[in-house]
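Q: Give me a model of this one.
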Amino acid sequence: MAPSDNNKNNSDTGDGEERQGPVIRDNRRIDPETGEVREPKGATAPEEPAAAPDDSDEDVVEAELEDFPEIPDTPESVVTDAINADERVIELTNDIKRVQAEYSNYRKRVERDRVAVRETATAQVLGELLPILDDIGRARDHDELNGGFKAVGEALEASVTKLGLERYADQGDEFDPNIHEALTLVPVPNISVQSVIEVFQPGYRIGERILRPARVVVGDPVDGGEAPAGAAEDGGAPGADEADTAAESGGEENSK
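A: Residues are numbered from 1 along each chain as shown. Sure thing, here's the model as predicted:
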């Protein structure tokens, strides 16, 4: 090869290749020559306002919805199970309400039985004290309730009254066969209904429970306003001796 050709190749090689040296970039924001602020090279252009929606987009959305697969219906077995579950819930709710009502009735019945047992026990105890109360009453009628015996008798009467014991039957009361025991029947004028004309033994009760009916002599109304001739004798109460005997026998039975 000729020397001229080598020189030509060397010149071509030197002109075609650029030698890389140090690179200096001027990042100063103010131009030192003009004094103006430089625009950064990476600044983006201002955003353009968004374009108004086009009707073509809506058409595309509708087309996509039409292409979307339909959701299958719920199987009948699932629907049936849900209905059965609701019915079961209703059934269990009714069972709970029924049990609650039964428990409420049970509590009321137990409370009622407890009250009845307490009243029965109180009536039994007070029934045993009736003969003592009769003795206190007789002593008071004969002015023999004096001193310490009077204090004890009044305290006992106050105690039984506090427990609910009530004494009844007074002269002039209307005769009631449910609470009075008639020892004898005496015709009496100037009365319209059968009435108590004499009390031989008072009655006692607790609330609506009769512990002992009152033993009384009953006056029977007389038609015409006049009593029989025999009724005027011995205080106008024929049969009073029989009543006294019955009352005494009743008192002996109670004391026994």
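Q: and Gln171, how many residues sit next to it?
A: Using other Cβ atoms under 10 Å, Gln171 has 12 other residues around it. C-beta: built from backbone N, CA, C; applies to glycine.
Q: who touches it in this structure?
A: Contacts were defined as Cβ atoms under 8 Å, 6 or more residues apart in numbering; by that measure Gln171 touches 196-199.
Q: Can you list which of the residues you listed are found in strands?
A: Of the positions in those, 196-199 sit in strands, assigned by DSSP state E.
Q: got a pLDDT number for Pro53?
A: In this prediction, Pro53 carries a pLDDT score of 53.
Q: Could you do Pro46 as well?
A: Per-residue confidence (pLDDT) for Pro46: 53.
Q: Same list (the ones in strands among the contacts of Gln171) but as a markdown table, adding pLDDT, distance to Leu163 and neighbour count.
A: Formatted as a markdown table, the ones in strands among the contacts of Gln171 follow (pLDDT from 0 to 100; distance: Cβ to Cβ, whole Å; neighbours: other Cβ atoms under 10 Å):
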| residue | pLDDT | distance to Leu163 | neighbour count |
| --- | --- | --- | --- |
| Val196 | 93 | 26 | 20 |
| Ile197 | 93 | 31 | 21 |
| Glu198 | 92 | 29 | 19 |
| Val199 | 92 | 23 | 19 |
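Q: Turn these into a markdown table, columns for distance to Ile210.
A: Conversion of the ones in strands among the contacts of Gln171 to a markdown table gives the following (distance: Cβ to Cβ, whole Å):
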| residue | distance to Ile210 |
| --- | --- |
| Val196 | 16 |
| Ile197 | 21 |
| Glu198 | 20 |
| Val199 | 15 |
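Q: which two in those are spaced the farthest apart?
A: Greatest spacing in the ones in strands among the contacts of Gln171, by Cβ to Cβ: Ile197 and Val199 (9.0 Å).
Q: which residues do these two both contact?
A: The contact sets of Ile197 and Val199 overlap at 171, 216 (Cβ under 8 Å, 6+ apart).
Q: so where do the strands sit in the stretch 151-256 of the chain?
A: In the stretch 151-256 of the chain, strands defined by DSSP state E, counting those that start in this stretch lie at 165-168, 180-188, 195-201, 203-206, 209-212, 214-221, listed in chain order.
Q: How much space separates Val79 from Ala85?
A: As judged by Cβ to Cβ, to the nearest Å, Val79 and Ala85 stand 11 Å apart.
Q: Just name the most buried of the strands of the stretch 151-256 of the chain.
A: Most buried of the strands of the stretch 151-256 of the chain, by mean neighbour count (mean count of other Cβ atoms under 10 Å): strand 214-221, with a mean of 22.
Q: Quick check: Glu111 vs Glu102, distance?
A: Distance check for Glu111 against Glu102: by Cβ to Cβ, it reads 15 Å.
Q: and the spatially closest residue to Val217 that is not a sequence neighbour, how far is that from Asn27?
A: In this structure, Val217 finds its nearest non-sequential neighbour in Glu198, 4.1 Å apart by Cβ to Cβ, 6 or more residues apart in numbering. Applying Cβ to Cβ, the value for Glu198 to Asn27 is 138 Å.
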